[in-house]
Structures are given as C-alpha cells and as structure tokens.
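**Q** model this:
(one chain, ligands or ions: 2)
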Amino acid sequence: MAESGSAAELSLTSSALPPPRTRIFKIIVIGDSGVGKTCLTFRFCAGRFPEKTEATIGVDFRERLVDIDGEKIKIQLWDTAGQERFRKSMVQHYYRNVHAVVFVYDVTNGASFRSLPVWIEECKQHALGTEVPRILVGNKCDLQDSVQVGTDVAQQFADAQSMPLFETSAKSPNSLGDGSCRDSDHVEAIFMTVAHKLKSQKPLVLSQPPDGCLRRVEKFVITTCWTYRRSTSQDG
Ligand SMILES: Nc1nc2c(ncn2[C@@H]2O[C@H](COP(=O)(O)OP(=O)(O)OP(=O)(O)O)[C@@H](O)[C@H]2O)c(=O)[nH]1
Ligand SMILES: [Mg+2]
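**A** Numbers count the residues shown, from 1 in each chain. Ligands and ions are numbered 1, 2, ... in the order given. Below you'll find the predicted structure:
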C-alpha cells in the first residue's frame with residue numbers, strides 16, 4: 001500500500017488546487033469635465049497620452065494588472081463622466097464597493113479646483129467608510145504658463161481634507177519634463193501609491209468573479225449608457 005503523504009501525493013494535491021484569485025481594487029476617478037480624467041487613466045493603463053478624447057458618457061473602465069510584493073493585483077479604474085447630464089443615472093454605480101477615490105482638478109482651471117467641495121460632498125452622501133483612501137490630483141502641470149491653482153493653496157485644501165496632494169501631467173513624458181511637478185508625482189506613481197495603500201490595508205476586496213459575472217456588470221453599465229445616449233439623442 002502507498003505511504004500516505006508521499007512526495008508524489010503532495011505534489012498531486014498542490015497542483016490540484018485552484019490558482020489564487022486575483023484581487024481587484026476598484027478606484028473611481030472624479031472631477032469636473034475636461035480636467036483630464038480620461039487622459040490620466042489611459043496614461044496609467046495604456047502607458048501613453050491618448051491622441052484624442054471625447055467627453056466620457058456614463059463611465060469607461062480601464063484595467064491594469066500589477067505586481068505588488070509578489071501578488072498580482074488588478075487595478076480597475078472607473079473613469080467617470082464629469083458632465084452632469086452624462087453621469088446622473090450612473091452615480092450610484094460609481095460608489096458601490098469602491099476601494100479608493102481620486103479627485104482630479106486642472107491646475108490651469110480655477111473653477112475645477114473650486115468645485116472640489118461639491119465632488120467631496122457627493123462622495124460623502126454615498127456614505128463611504130473612512131477606510132476608503134481619497135487622494136487629490138492636480139493635472140496639466142505641463143501647462144506651466146497657465147497655472148491658476150498654485151501648489152500652496154492646493155496643499156492647504158488637501159491638508160484640510162486630510163488627503164495627499166499630487167500634481168502631475170497626463171501629457172508630459174514623465175510629468176517632470178518642465179520641472180514643475182514634484183519627483184514622485186508621475187501618473188504611474190500616483191496610482192501605484194493608492195494600490196500599495198489598499199494592499200497594506202488588506203481590505204475586503206472583490207475577488208476576480210467568474211468571467212460571466214464581470215461581463216454582466218459591464219454589460220449592465222454599457223446598456224445603461226447606451227440607453228441614456230439614445231434617449232439624449234432622441235431628445236435633441
Ligand atoms: N496639456 C495637457 N492637456 C491635457 C492633460 N490631460 C488632459 N488634457 C487635455 O484636456 C482635455 C480633456 O481631457 P479628458 O481626459 O477628456 O477630460 P475628462 O476629465 O475625462 O473630461 P470628461 O470625460 O468630460 O469628464 C483633452 O483635450 C486632453 O487632451 C495634460 O496633462 N496636459
Ligand atoms: Mg473623460
């Protein structure tokens with residue numbers, strides 16, 4: 001009779017185990033229309049600045065698989081619409097099971113900075129727990145000559161809201177090209193910092209659902225956007 005616990009038996013047992021599930025971190029990117037949410041998320045996931053963007057309708061998903069301390073983690077970015085008419089039916093989906101929130105303003109557009117309290121309030125109304133990290137990103141630092149929101153005032157606001165501040169550019173090659181952005185503030189570092197924080201918190205995250213399940217969620221969202229787009233075009 002074969003001895004129980006033999007090497008052959010052990011290796012058979014371990015190879016029969018299902019592969020570890022990939023954790024998913026859902027990060028929503030919020031802010032006024034035109035601040036560069038699509039460009040920032042595209043830059044992180046595709047590694048480059050998009051040639052052309054249009055106003056986001058509803059939400060666009062972008063994902064990137066990263067390795068953090070030997071664990072494969074899927075960073076799922078929800079690139080939300082800044083325009084009220086393109087987001088109102090979707091807002092509740094943005095905040096469901098969210099793990100982190102990135103607020104974006106445009107450093108060359110003071111109004112986009114002044115609207116931050118409205119975005120923060122919306123976030124509060126969706127009762128996100130205090131464990132959900134929030135960060136503030138000032139984008140378009142490459143447009144040095146047009147800056148309207150100085151670092152000092154932004155930092156004061158970030159401190160008052162207990163959020164870390166990053167100033168960056170989705171456009172410049174490493175966000176340091178013009179010397180106006182701090183070393184750590186390139187797009188890659190911003191999202192990776194959030195992911196590291198989430199991993200260190202060991203939150204209760206969604207595991208990779210069976211394929212069909214994720215597709216169902218996306219299909220639902222896409223259908224909602226599509227229905228909305230059709231009703232908008234019928235209106236107009
Ligand atoms: N110079 C410069 N332009 C940028 C940067 N990021 C975005 N843009 C430009 O800003 C415009 C708006 O960018 P989007 O990424 O579409 O803005 P958004 O926040 O997604 O807008 P909505 O989808 O309407 O909410 C586009 O013309 C981009 O090319 C940046 O870092 N530097
Ligand atoms: Mg967009």
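
**Q** wait, what's in contact with residue 72?
**A** 22, 65-66 (Cβ atoms under 8 Å, 6 or more residues apart in numbering). Any C-beta I mention is one placed from the backbone N, CA and C, and that applies to glycine too.

**Q** I'd like to know how far it sits from residue 195.
**A** 11 Å (Cβ to Cβ, to the nearest Å).

**Q** any shared contact partners between the two?
**A** By Cβ under 8 Å, 6+ apart, residue 72 and residue 195 have these common neighbours: residue 66.

**Q** Weed out the non-buried ones from the contacts of residue 72.
**A** Buried members of those, scored by 16 or more other Cβ atoms under 10 Å, are residue 66.

**Q** Including distance to ligand 2, pLDDT and secondary structure, could the contacts of residue 72 go into JSON lines?
**A** Formatted as JSON lines, those follow (distance: Cβ to the ion, whole Å; pLDDT from 0 to 100; DSSP: H, G, I helix; E, B strand; the rest coil):
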{"residue": "22", "distance to ligand 2": "26", "pLDDT": "87", "secondary structure": "coil"}
{"residue": "65", "distance to ligand 2": "23", "pLDDT": "96", "secondary structure": "strand"}
{"residue": "66", "distance to ligand 2": "22", "pLDDT": "95", "secondary structure": "strand"}
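
**Q** would you list the contacts of residue 72 in JSON lines and tack on distance to residue 136?
**A** JSON lines is the format used below for the contacts of residue 72 (distance: Cβ to Cβ, whole Å):
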{"residue": "22", "distance to residue 136": "28"}
{"residue": "65", "distance to residue 136": "26"}
{"residue": "66", "distance to residue 136": "22"}
